[in-house]
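> whatever this is, show me its structure:
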Amino acid sequence: MVLVETVKLAEVRRGEVVESVHRGIIVIVNAMGRRLFALGNPQHLTYFRSAAKPIQALAVIESGAAVEFNFTLKDVAIISSSHSGEPGHCEQVIEVLEKIGLGEECLRCGARPPRHKLTYEQLLIQGREPSPLHNECSGKHAGMLALARFLKQPLETYYLPEHQVQQEMLNCLADLVIMDPEDIPLGIDGCNVPTYALPLDKMAYAYARLAEPTDMDEMREAACEIVKGALTTHPFLVAGTDRFTTDLMKATKGRLLAKDGAEGIFCVGLPEPGWGIAVKMEDGSDRAIPPVVISLLHQIGAITDKEKAVLADYSNVVLTNAVGQVIGEIRPTFKVDVE
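Below you'll find the predicted structure:
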């Protein structure tokens, strides 16, 4: 049987006419690795991008660095984040760096404007330039520096694929999804460090195991619980103001963990019943991610009607013109039948 690579997940309507469509793939896997549902090709190979960050944080914890530097759940949350560069985010990154005795000049993620519009406007008004702290990946890089310092490895080259920090994180991911590290292709992410290419069902499997650690050693299980607690307790630090990832975890009050990634990747872990979900939009856009993910979660009973209503701005996406008139919508088009 030939697997269809992608399927239509949402349509963009202007009036009653479908103007555009968003195609993609959805995969649901349980913590034992059993595929429960798929639309499109579940073995489609693509990059994990920033959805890998909570998994990379496991390597920091398991090494002993988190204990050595007295990291809190807030610290772990910012290490796992793709934050918006708001003051609270930058302050948390600084706290991590101060605990390891380093400054922002050690970050090799590059300076980028804050994703949060108001924060960026305030920087411009103050005549200040964006710094590496504002980069949405600065928390991850601070975590990598922590691991480099703990391992007594060179700090200047922590971002290179051959550095022990990057090898430790690759090995952690490979072990979690039961793959050989050599079978995981690497690319370079937007923030200058390696990113991993995985079949989409392996991404879902990673989140299933993170959400419900089973058949793991004590250290890995404890690390998973710490990362879960960090994401669900401090969702603001994981993304930010008016960000779907943050608001989804806030609305569900710790019942699920979620992480976005560039190029249309979104992953969810459900501790109960121990499922992992991976979504990939074929066109790399994140425009349809919120309504698609909410529809998916609602159909499988992972969010309630009340929670869906709280997330209405994300689930009922309307399109407006220059004068504020509603002229269309983004509408999910798929049905879920979990085995």
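
> can you pull out the strands in the chain?
All strands of the chain, identified by DSSP state E, fall at 7-14, 17-30, 35-39, 45-47, 186-188, 194-199, 257-261, 265-270, 275-281, 317-320, 326-332.

> what comes up buried for the least confident helix or strand in the chain by mean pLDDT?
When each helix and strand of the chain is scored by mean pLDDT, DSSP states H and E, strand 317-320 comes last, with a mean of 92. For strand 317-320, burial by neighbour count (16 or more other C-beta atoms under 10 Å) applies to Val317. Bear in mind the C-beta positions are built from the backbone N, C-alpha and C, glycine included.

> note down every partner strand of it and its orientation.
Strands that pair with strand 317-320, judged by DSSP bridges, come out as strand 326-332 (antiparallel).

> now the angle from the partner strand to strand 7-14?
Orientation note: strand 326-332 sits at an angle of 170 degrees relative to strand 7-14 (axes from the mean of the first three to the mean of the last three C-alpha atoms, to 10 degrees).

> for the record, mean pLDDT for stretch 293-311?
In this model, stretch 293-311 has an average pLDDT of 97.

> oh, and call the first residue 28 from now on, that's how I've got it
Yep, numbering from 28; the last one is stretch 320-338 now.

> what residues does it touch?
Contacts with stretch 320-338, where a contact means C-beta atoms under 8 Å, 6 or more residues apart in numbering, come from 53, 55, 271, 274-275, 278-279, 282-283, 285, 293, 295, 297, 304, 306, 317, 341-342, 359, 361-363, 365.

> hey, C-alpha coordinates of it in PDB?
Extracted as PDB, the C-alpha positions of stretch 320-338 are listed here (Å, rounded to 0.1, in the frame of the first residue of the first chain):
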ATOM      1  CA  VAL A 320      -4.500  21.100  17.200                       C
ATOM      2  CA  ILE A 321      -7.500  22.200  19.200                       C
ATOM      3  CA  SER A 322      -9.900  20.200  16.900                       C
ATOM      4  CA  LEU A 323      -7.700  17.200  17.300                       C
ATOM      5  CA  LEU A 324      -7.500  17.400  21.100                       C
ATOM      6  CA  HIS A 325     -11.200  18.000  21.400                       C
ATOM      7  CA  GLN A 326     -12.000  15.100  19.100                       C
ATOM      8  CA  ILE A 327     -10.000  12.700  21.200                       C
ATOM      9  CA  GLY A 328     -11.400  14.000  24.500                       C
ATOM     10  CA  ALA A 329      -8.100  15.600  25.600                       C
ATOM     11  CA  ILE A 330      -9.700  19.000  26.100                       C
ATOM     12  CA  THR A 331     -13.200  19.800  27.300                       C
ATOM     13  CA  ASP A 332     -15.900  21.900  25.700                       C
ATOM     14  CA  LYS A 333     -15.200  24.600  28.400                       C
ATOM     15  CA  GLU A 334     -11.500  24.500  27.600                       C
ATOM     16  CA  LYS A 335     -12.100  24.800  23.900                       C
ATOM     17  CA  ALA A 336     -14.300  27.800  24.600                       C
ATOM     18  CA  VAL A 337     -11.500  29.400  26.600                       C
ATOM     19  CA  LEU A 338      -9.300  28.800  23.600                       C
END
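
> regarding the chain, what is its longest helix?
helix 245-260 (DSSP state H).

> who are the packing partners of it?
helix 80-90, helix 100-106, helix 227-238, strand 284-288 (3 or more C-beta pairs under 8 Å, 6 or more residues apart in numbering; DSSP states H and E).

> redo that, cut-off 6 Å
Packed against helix 245-260 by the contact rule (3 or more C-beta pairs under 6 Å, 6 or more residues apart in numbering; DSSP states H and E) you find helix 80-90, helix 100-106, strand 284-288.

> any idea of the pLDDT on the closest residue in space to Val265 that isn't next to it in sequence?
With sequence-adjacent residues excluded and distances taken as C-beta to C-beta, 6 or more residues apart in numbering, Val265 is closest to Ser108, at 4.8 Å. Reported pLDDT at Ser108 in the predicted model: 98.

> list the contacts of Ser108.
Neighbour list for Ser108: Gly166, Leu264, Val265 [criterion: C-beta atoms under 6 Å, 6 or more residues apart in numbering].

> could I get the contacting residues of the first one?
In other words, Gly166. Ile105, Ile106, Ser108, Val120.

> give me phi/psi at the nearest residue to His49 once chain neighbours are set aside?
Excluding the flanking residues, the one nearest His49 by C-beta to C-beta, 6+ apart is Ala315, at 4.0 Å. Note on Ala315: its backbone torsions stand at phi -90, psi 0 [degrees, to the nearest 10].

> thank you kindly, that will do.
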